[in-house]
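# Here is my input, please return the structure:
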Amino acid sequence: MKTWIDLVPDEDLFSSGITNYLKWEYSRHPHMVIFGSTGSGKTYALKLILGRIAKYIPDAELAICDYKSDNDFSFLDGLDGFYRFDKCMDGLEYAIQQLRSRQNDRQNGYPFFCLIFDEWASFLNNLDKKQADRAKQNLATLLMLGRSFNIHVIVSQQRLDASYFGSSRDNFSVVMGMGALSKESVEMMFSEYKDTIVRNKERGRGSLVLGNQFRNIIVPTVRDPDKLERTIRSAVGHTGNGG
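Here you go, the predicted structure:
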């Protein structure tokens, strides 16, 4: 069974006319975080990655929580597995149910399942303390235990302050920073590479830590956005109950 997908091209090779996609070995590095300011291209990158998951991983299931709830993911309206705004807690709970079910089944193999959470920080900031603590605990459980059950988490947001994740932030072994990055963000997420990283990248270009590798990356232009959206739709909510 295939346990990797092509992620995004290496920017340095791309500039030399070579399109070399970096591979995401999701069985080794199960969880990903994408961050960057508004207009950095992080949502565009996220949609490209979701399309690649849906296209290249048979039977993949995506549960997408879109707290921002603008038009970026409106093409998913009405699908099970798509959770907008005040339904995002339901999506998180559904992911936890998937984990518990797989723990109880004790099978030898499980289909790829991924919880995608867009604007996790904004979601937490609009919960009361008890709800926020519960949400953070649920996410931490998925990050710490999901790998054994082919359960993955992708979070996209503007900043990655530890207060939104606690110690579980270290479970993101794939870290993608898009566009111009603040000095604080580099210090938090790319501290080992802060002396060589280029912070002021333009939209659609970024920095990536993939396990113990560091790469400059570029997000290619999607030639057929409608096809990309149809591909993502095909993997969203096989059995979920979205809002």
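# list the buried ones in the helix or strand of the chain with the lowest mean pLDDT?
Least confident helix or strand, the chain: helix 183-189 with a mean of 92, by mean pLDDT, DSSP states H and E. By 16 or more other Cβ atoms under 10 Å, the buried positions in helix 183-189 come out as 185-186, 188-189. Using the backbone N, CA and C atoms, a C-beta is placed for each residue, glycine as well.
# give me phi/psi at the residue nearest the centre of the chain?
Nearest to the mean C-alpha position of the chain, by Cα atoms, centre = their mean, lies residue 154 at 2.2 Å. Phi and psi for residue 154, reported as degrees, to the nearest 10, are phi -120, psi 120.
# Would you mind measuring from it to residue 226?
According to Cβ to Cβ, to the nearest Å, residue 154 and residue 226 sit 22 Å apart.
# before we move on, what about residue 71?
Separation of residue 71 from residue 226 (Cβ to Cβ): 14 Å.
# Same check on residue 85?
Residue 85 is 25 Å from residue 226, where distance means Cβ to Cβ.
# The two - which one has more neighbours?
residue 85 (13 against 9; other Cβ atoms under 10 Å).
# if I pick that one, what's in contact with it?
Counting by Cβ atoms under 8 Å, 6 or more residues apart in numbering, residue 85 touches 66-67, 69.
# rerun that using 7 Å as the cut-off
67, 69 (Cβ atoms under 7 Å, 6 or more residues apart in numbering).
# Please apply the same query to residue 20.
Applying Cβ under 7 Å, 6+ apart to residue 20 gives the contacts 9-10, 13.
# count of residues packed around the closest residue in space to residue 33 that isn't next to it in sequence?
Nearest residue to residue 33, sequence neighbours excluded (Cβ to Cβ, 6 or more residues apart in numbering): residue 172, at 4.3 Å. A count of nearby residues for residue 172, using other Cβ under 10 Å, gives 22.
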